[in-house]
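Participant: generate coordinates for the sequence data below:
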Amino acid sequence: MNYPQIKPTLNLDFSNTKTLDPRINFRRGTPGAYYDGKTYAKAEENLISYSEDFSQWSKGDGSLAPQLINDVNNTSPSGGDMYKLAAGTTLNTQHWYSSQNTTNNATFSVYAKAAGYNYIWIGLYDANYTSIVVDLRNGEFVSGGQDLSGVITDKNIVDVGDGWYRINYSILSASIFTALGGLSDPSTDIHSVNFPLFTGDGTSGIYVWGAQLEQRDSLTAYTPTNGTPITKYQPKLMFASPDQPRFDHDPLTGESKGLLIEESRTNLIRWSEDFAIEPEMNYYYCTIDDNRIVAPDGNLSADAIIFDDGTNGGLSAGHREVVSSGEKYTASIYAKAGNLSKVWFYFNVRETNESVNVGNSGIKYNLLTNTVDEIVDTNDQFSTEYNIFDVGNGWYRLVISATMSSNAGFLGWGLYNYEDNVSSGKNTAYIWGAQLEKGSFATSYIKTSGASATRSADNASITGENFSSWYRQDEGSLYIDSDKGNLGTSFAGYVSFHTEDFSNSEYYWLLHNSSNQFQFLVAPGVASLVDGIDTSLGSQKACVSWADDDFSMSVNGNTIQSDTDGPAKKNLAGLRIGFSPYSDSHYLNSHIKKISYYPKRLTNEQLQQLTK
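Facilitator: Below you'll find the predicted structure:
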């Protein structure tokens, strides 16, 4: 192999070192989102082995075996079977059902409904019982229970319909012994050392379904188990501080992508994570339940969108934006299947007075099968593109981009279900991180909290002695390994060399042009080398060399492109990574794995060998 014998004087291996060379000046005035390839957040968890099959739970001597109830007119919150926990007729005895687990700082929850007894007693044991009593007739905490150690940190009751309540409370504890019992009268001695003592009638009890124990201090959406506890983890979306580089990774494989360089973008949506309070949000046959599951950033901030039974409802929001024909916008949202998996994510454009609908554009997507079922484009008003990004644990980032074909004054987005015969227990999906930005593709997530927010551009450069110490003016070669650029305005720059005054007529520039081609520009008008059309989205390798009357380029080991007329640039003063040599524009909007500079015009064969 004819590899160069000379060593590079600049070797920036972003993908492997995941560090920034001290000679690089890096600026980004705001935080930026990325994946670090190693940090995961705990997502769904249920430490109870049998969360719905209470026949597997232990029971007290005075308790009857749990009765499985299969009644189409009286069902669990999921629309299926449930259990009745009933007390026997043994005099003045304990009646309980329990599951034993070990954890720290626990949150317990269960769905319950009156079935002859009106009160449920729930106790968690850690040296002493901490317990609560709930009136299932009206969903209220009543007197009784005990908190001997002051360890109950939170408790709540949610009415889920048809007499069912989801009850939860959190304690600071270590070894958990979960117990449930039904009472007819809250004045029963519930301050006994162990459990309430009373005499049952052999019939009355409580209906129960969906028990859950989590090692955290707050409740999440219910996760069923059937013999094995569940704890899931998902890649955590991180946020780099201002002026800190982002060494991004594939969230699924952990592959290091290198240094992320993006242009400045603004998220026009005012509340990107709180859909319940977005002032321009409209709800159609659905409701929003705040903070139900763990979002891609690891916080309990993803909302449930709950669709009414038997409807194809959804939500939509708007942004008053003067939209001109030919302009491009991109909307994105993170979505995850609950009991419902088919969602329609779309654009909506209205005329300036908002009274006339110009058209809708979007995708109908199945969150379970990871398939696009249909592309929707009404009235031929858009030129639509879409992307789907799997970010782990059932979360997908749905992206639609559209070129407007008419002027308008109101740009909206929405998410509907399109699942036929939506029925009870099959009507929930999860959403988080909505974004609407002006541009032809999505950039990394920008959080908003009450107003639109802007992420600054990533600017990485080398100048002064940090540049002149390794750069040779009369000849040289540059190698890059990079992902394909996303075009902001016609060009997406990989690497550029510029003059002291950033003259737009004196530079070297390796870029990705609007025809999906690698291009090496030597200005003014010296050389323009173009490789063949590149349609892949994977890693691309290119190497360019220059000397007087001698310019060459090879991409992915392809045929050499060359020009033999014109002088080399001999007054260059700096290098820019991922943007233009003469202005803060033409950003790569992608990743650079590696940059190497050789202080020599390498041979054409060496260019091909390096880029194979």
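Participant: tell me the bridge partners for Val372.
Facilitator: As for beta bridges, Val372 partners with Tyr365 under DSSP bridges.
Participant: residue contacts, it?
Facilitator: If you count contacts by C-beta atoms under 8 Å, 6 or more residues apart in numbering, Val372 has them with Ile363, Lys364, Tyr365, Asn366, Tyr386, Ile388. Heads up, the C-betas are built off the backbone N, CA and C, glycines and all.
Participant: mind checking the SS state of the fifth one?
Facilitator: What that stands for is Tyr386. Classification of Tyr386 by DSSP: H, G, I helix; E, B strand; the rest coil places it in strand.
Participant: what residues are bridge-paired with it?
Facilitator: Residues found in beta-bridge contact with Tyr386 (criterion: DSSP bridges) are Ile400.
Participant: that older thread, and the two most separated of the contacts of Val372?
Facilitator: Using C-beta to C-beta, the pair of the contacts of Val372 lying farthest apart is Asn366 and Tyr386, separated by 13.6 Å.
Participant: more crowded one of these two?
Facilitator: Neighbours around Asn366 and Tyr386, counted as other C-beta atoms under 10 Å, are more numerous at Tyr386. The numbers are 18 against 15.
Participant: so what pLDDT did that one get?
Facilitator: The predicted local distance difference test score for Tyr386 is 86.
Participant: pretty sure it is touching Ile363, no?
Facilitator: Yes: using C-beta atoms under 8 Å as the test, Tyr386 is close enough to Ile363 to be in contact (4.9 Å).
Participant: quick check: neighbours shared by the two?
Facilitator: The contact sets of Tyr386 and Ile363 overlap at Val372, Ile375, Leu398, Ile400 (C-beta under 8 Å, 6+ apart).
Participant: the second one - how many residues pack around it?
Facilitator: In terms of burial, Ile375 registers 13 neighbours under the definition other C-beta under 10 Å.
Participant: how close does it sit to Asn516?
Facilitator: For Ile375, the distance to Asn516 equals 22 Å [C-beta to C-beta, to the nearest Å].
Participant: likewise for the first one?
Facilitator: Distance from Val372 to Asn516, counting by C-beta to C-beta: 22 Å.
Participant: closest one of the shared contacts of Tyr386 and Ile363 to Asn101?
Facilitator: Taking C-beta to C-beta as the measure, Asn101 sits nearest to Leu398 out of these, at 36.7 Å.
Participant: and of the contacts of Val372, the nearest to Asp61?
Facilitator: Where those are concerned, and distances follow C-beta to C-beta, Asp61 has its nearest neighbour in Asn366, at 50.2 Å.
Participant: surely that closest one touches Asp373?
Facilitator: Yes: in this structure, Asn366 sits in contact with Asp373. The criterion is C-beta under 8 Å, and the distance is 5.9 Å.
Participant: which residues do these two both contact?
Facilitator: Lys342.
Participant: what's the next secondary structure element after the helix or strand containing Leu411?
Facilitator: Taking DSSP states H and E as the criterion, Leu411 maps to strand 410-417. Per DSSP H and E, the first helix or strand lying C-terminal to strand 410-417 is strand 428-438.
Participant: direction included, what does that following strand pair up with?
Facilitator: Strand pairing for strand 428-438, determined by DSSP bridges: strand 302-307 (antiparallel), strand 328-337 (antiparallel).
Participant: ok, which of those comes nearest Asp243?
Facilitator: Evaluated over the strands paired with strand 428-438, closeness to Asp243 peaks at strand 328-337, with 25.4 Å, by C-beta to C-beta.
Participant: dump the strands paired with strand 428-438 into a markdown table; add mean pLDDT as well.
Facilitator: As requested, those are exported to a markdown table (pLDDT from 0 to 100):
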| stretch | mean pLDDT |
| --- | --- |
| strand 302-307 | 93 |
| strand 328-337 | 93 |
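Participant: next, format the ones you listed as TSV and append mean neighbour count.
Facilitator: Putting the strands paired with strand 428-438 into TSV (neighbours: other C-beta atoms under 10 Å) gives the following:
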stretch	mean neighbour count
strand 302-307	23
strand 328-337	23
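Participant: so for Ser264, which of the ones you listed sits nearest?
Facilitator: Using C-beta to C-beta as the measure, strand 328-337 is the one of these that comes nearest Ser264, at 14.5 Å.
Participant: only C-alpha atoms, please: export the closest one in CSV.
Facilitator: Included here for strand 328-337 are C-alpha records, laid out as CSV according to Å, rounded to 0.1, in the frame of the first residue of the first chain:
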residue,chain,number,x,y,z
LYS,A,328,-38.9,25.7,3.6
TYR,A,329,-39.9,24.7,7.1
THR,A,330,-39.3,21.6,9.2
ALA,A,331,-41.4,20.2,12.1
SER,A,332,-40.3,17.4,14.4
ILE,A,333,-41.6,15.7,17.5
TYR,A,334,-40.5,12.7,19.6
ALA,A,335,-43.2,10.1,19.9
LYS,A,336,-43.7,6.7,21.5
ALA,A,337,-46.4,4.2,21.4
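Participant: next helix or strand past it?
Facilitator: Scanning forward in sequence from strand 328-337 by DSSP H and E, the next helix or strand is strand 342-350.
Participant: strands paired with that following strand, and their directions?
Facilitator: Based on DSSP bridges, the strands next to strand 342-350 in the sheet, each with its direction, are strand 357-366 (antiparallel), strand 410-417 (antiparallel).
Participant: check this protein for its longest strand and report it.
Facilitator: Selection of the longest strand in the chain by residue count, based on DSSP state E, yields strand 32-46.
Participant: just give me how far that one sits from the chain centre.
Facilitator: Its chain's C-alpha centre and that of strand 32-46 lie 9 Å apart, by C-alpha atoms, centre = their mean, to the nearest Å.
Participant: counting by contacts, list what the helix or strand just after it packs against.
Facilitator: Moving toward the C-terminus from strand 32-46, the first helix or strand encountered (DSSP H and E) is strand 58-59. Based on contacts counted as 3 or more C-beta pairs under 8 Å, 6 or more residues apart in numbering; DSSP states H and E, the elements that strand 58-59 packs against are strand 97-102.
Participant: can I get the strand it packs on as PDB, trimmed to CA atoms?
Facilitator: What follows is strand 97-102, C-alpha atoms only, in PDB (Å, rounded to 0.1, in the frame of the first residue of the first chain):
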ATOM      1  CA  TYR A  97     -52.400  -9.600  50.100                       C
ATOM      2  CA  SER A  98     -48.700  -8.900  49.700                       C
ATOM      3  CA  SER A  99     -45.700  -8.900  47.400                       C
ATOM      4  CA  GLN A 100     -42.200  -8.600  48.700                       C
ATOM      5  CA  ASN A 101     -39.500  -6.600  46.900                       C
ATOM      6  CA  THR A 102     -36.200  -4.800  47.800                       C
END
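Participant: pull out the buried residues from it.
Facilitator: Residues of strand 97-102 classed as buried by neighbour count (16 or more other C-beta atoms under 10 Å): Tyr97, Ser98, Ser99, Asn101.
Participant: how far away is the spatially closest residue to Leu10 that is not a sequence neighbour from Ser477?
Facilitator: Leaving aside its sequence neighbours, Leu10 sits nearest to Tyr597 (C-beta to C-beta, 6 or more residues apart in numbering; 4.0 Å). Noted for Tyr597: a distance of 7 Å to Ser477, by C-beta to C-beta.
Participant: neighbour count for these two, which is higher?
Facilitator: Regarding Tyr597 and Ser477, a neighbour count based on other C-beta under 10 Å identifies Ser477 as having more, with 25 against 20.
Participant: which residues touch the more buried one?
Facilitator: Under the criterion of C-beta under 8 Å, 6+ apart, the neighbours of Ser477 are Pro4, Cys543, Val544, Ser545, Trp546, Tyr597, Tyr598, Lys600, Arg601, Leu602, Gln606, Leu607.
Participant: spatially, which pair of those is furthest apart? Let me know, please.
Facilitator: For the contacts of Ser477, with distances taken as C-beta to C-beta, the pair at the greatest spread is Pro4 and Trp546 (15.0 Å).
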